[in-house]
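Novice: prediction below, plus the sequence it came from.
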Amino acid sequence: MPHASVRSPLPGPQSAVVLERARQVTPRAVAWHHPVVAARGEGAVVYDVDGNRFLDLTGGVGCLAVGHAHPKVVRAIQEQAARFTHTDYAVVPYEVYVALCERLVNLAPGVHPKKAALFNSGAEAVENAVKLARAYTRRPALIAFEGAFHGRTYMALTLTSKVEPYKRDFGPFVPEVYRVPYPYPYRSPFPTPEQTAAYCLQRLEEAFALHVQPDRVAAVVVEPVLGEGGFVVPPPEFLPRLAQICRAHGILLIVDEIQTGFGRTGRLWAVEHFGVEPDLLVVGKSIAAGLPLSAVIGRAEILDCVPEGGIGGTYVGNPLSCAAALAVMEVLEEERLVERAVWVGNHLLRAFRDLQSRFAFIGDVRGLGAMVAMELVGDPRTKEPAPHLVTRVIHRAREQGVLLLRAGIYGNVIRVLVPLMIPETQLLEAMERIARAVEEVGRPLPEEAGG
């Protein structure tokens, strides 16, 4: 398909028709980041209904490590659909569920015997990890972190730490959830990452004196890299020390790898960078190339602490999703996508740091593996967040044919969740177009130049 021009800030005529229909029947809360109506996807490219081609650096918000419509995944879904699409595993079990859990258990980090349970969404997996932790420890309280995102169901939303747009007017939230700072080196008042990590861990210890007694805490829930919170990578000593504190108090460590897992950070699991074995590992997103599927993997004794029927659901571990997940894992291995994430990340970091050296409003560039972001600020000294600049860059990039996502508690971070299989030519093309978008935003607008 030819490269159609994508210079108009407005959706194309066919997209506009579909979007207007959507406005008539869907609530404004179910909004879209880009006025682009997808017609088909292929690898790291999306084509809209108007024939425009976009390099997709959103990757289904991190669901598409193997890309759009990977032939092996599509074939696995088709073959499973021809056999059967549903029974409810708790009523009539099926082998593909078992095979996937076997793979997950074997791939999970650490030496303890493990089991896995499947669910539909990341939020649902978080909810069930919390239930398991409370049942196993017989304790009610949880500790989460500032800047965290764990989902939108009520327990997951309580653990989430961002009011706009997720929590506004939805309270009251679930009780017995306490919050401490996450180490955010760029916005820390301390001069070194090590001091930042030490301060946050000190605040956790203080929480045991000020807010909740440690023997009442069931679990600490943590992302190894903040996702929605802005791709914040903690100092290397933070997670190991956090795990030590949890062990000292008999607190379970729940690690949310929904966005970081399946190779995104250059390891299969982000915790492998830090040498940490979670008690419970929560995974989703790229597990099944966008089909609804998530899992809780953890120590067998924890998953076995709940009686029969205590966890589950009608659709959990749907056979189509399980078949897709097994195919995804084959693709990750065959195409060496975990290793490729390092290569992708290096390209992204170099390109973004080059832009940072030329534009003062790029305050920080950071990432782990292919999980890379840049934070935009109004003033590099005060680090005042500049979400309006993010809006402009994303808008200009879309005009250039590149789809980007925002993140951060202030909405001032541009994050990249590109499919890990993106060809080098397409990645370089995307970087050139993003650079052009940043350069356009970096110049004064015509009305500003005259003012």
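Specialist: Yep, that arrived.
Novice: list the contacts for the closest residue to residue 113 other than its chain neighbours?
Specialist: Leaving aside its chain neighbours, residue 113 sits nearest to residue 300 (4.5 Å; criterion: C-beta to C-beta, 6 or more residues apart in numbering). The C-beta positions use only the backbone N, C-alpha and C, and glycine is treated the same way. Residue 300 makes contact with 112, 113, 114, 115, according to C-beta atoms under 8 Å, 6 or more residues apart in numbering.
Novice: residue 125: what's its closest spatial neighbour, skipping adjacent residues?
Specialist: residue 294 (3.9 Å).
Novice: any buried residues in the helix or strand hosting residue 41, and which?
Specialist: Element membership for residue 41, per DSSP states H and E: strand 38-42. Buried residues in strand 38-42, defined by neighbour count with 16 or more other C-beta atoms under 10 Å: residue 41.
Novice: which helices and strands does it pack with?
Specialist: On a contact count with 3 or more C-beta pairs under 8 Å, 6 or more residues apart in numbering; DSSP states H and E, strand 38-42 meets strand 45-48.
Novice: what's the following helix or strand after the strand it packs on?
Specialist: strand 53-56.
Novice: avg pLDDT for whatever helix or strand comes next after that next one?
Specialist: Counting by DSSP H and E, the next helix or strand C-terminal to strand 53-56 is helix 59-62. Across helix 59-62, the average pLDDT comes to 96.
Novice: what residues does helix 59-62 touch?
Specialist: 44, 65, 227, 259, 264, 285, 286, 290, 405, 417, 418, 419.
Novice: next: stretch 327-345.
Specialist: 65-66, 70, 72-73, 75-77, 103, 107, 262-268, 286-289, 367-372, 418, 420-422, 427.
Novice: can you measure across that stretch, start residue to end residue?
Specialist: For stretch 327-345, the first-to-last residue distance is 24 Å (C-alpha to C-alpha, to the nearest Å).
Novice: list the buried residues of it.
Specialist: 327-329, 331-332, 335, 337-338, 340-345.
Novice: then stretch 177-193?
Specialist: So for stretch 177-193, counting by 16+ other C-beta under 10 Å, buried means 177-188, 193.
Novice: what's the spacing between it and its chain's center?
Specialist: Averaging C-alpha positions (C-alpha atoms, centre = their mean, to the nearest Å) puts stretch 177-193 20 Å from its chain's average.
Novice: what's in contact with it?
Specialist: Looking at what lies outside stretch 177-193 - C-beta under 8 Å, 6+ apart - the contacts are 141-148, 158-159, 161, 195-197, 199-200, 203-204, 207, 211-212, 217, 222, 226, 229-230, 232, 234-235, 238, 363-364, 366, 375, 383.
Novice: and those residues, which of them are buried?
Specialist: 141-148, 158-159, 161, 196-197, 200, 204, 207, 212, 217, 222, 226, 229-230, 232, 234-235, 238, 363-364, 366, 375.
Novice: from those residues, which land in strands?
Specialist: Judged by DSSP state E, strands contain the following of the buried ones among the contacts of stretch 177-193: 141, 142, 143, 144, 145, 217, 222, 363, 364, 366, 375.
Novice: let me have those residues in TSV, extended by distance to residue 246 and pLDDT.
Specialist: Output for these, formatted as TSV (distance: C-beta to C-beta, whole Å; pLDDT from 0 to 100):
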residue	distance to residue 246	pLDDT
141	13	98
142	12	98
143	9	98
144	13	98
145	13	98
217	9	98
222	10	98
363	33	97
364	29	98
366	26	98
375	30	98
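Novice: so the residue nearest to residue 125 bridges to which residues?
Specialist: Legend: beta-bridge partners of residue 294 under DSSP bridges are residue 119.
Novice: what about residue 78, helix or strand, and which?
Specialist: With DSSP H and E as the test, residue 78 turns up in helix 71-83.
Novice: contacting residues around the next helix or strand after that helix?
Specialist: Downstream of helix 71-83, the first helix or strand assigned by DSSP H and E is helix 95-107. Here helix 95-107 makes contact (C-beta under 8 Å, 6+ apart) with 80, 89, 114-118, 268, 283, 295, 297, 317, 319, 322-323, 325-326, 329.
Novice: buried set for helix 95-107?
Specialist: 96, 97, 100, 101, 103, 104, 105, 107.
Novice: what of stretch 214-228?
Specialist: Across stretch 214-228, burial judged by 16+ other C-beta under 10 Å covers 214, 217-228.
Novice: check what pLDDT residue 32 gets.
Specialist: Looking at residue 32, the pLDDT reads 89.
Novice: same question, residue 443
Specialist: 75.
Novice: residue 390 versus that one, what's the distance?
Specialist: 17 Å (C-beta to C-beta, to the nearest Å).
Novice: more neighbours: the two, which one.
Specialist: residue 390 (26 against 9; other C-beta atoms under 10 Å).
Novice: tell me which element that one falls in.
Specialist: helix 387-399.
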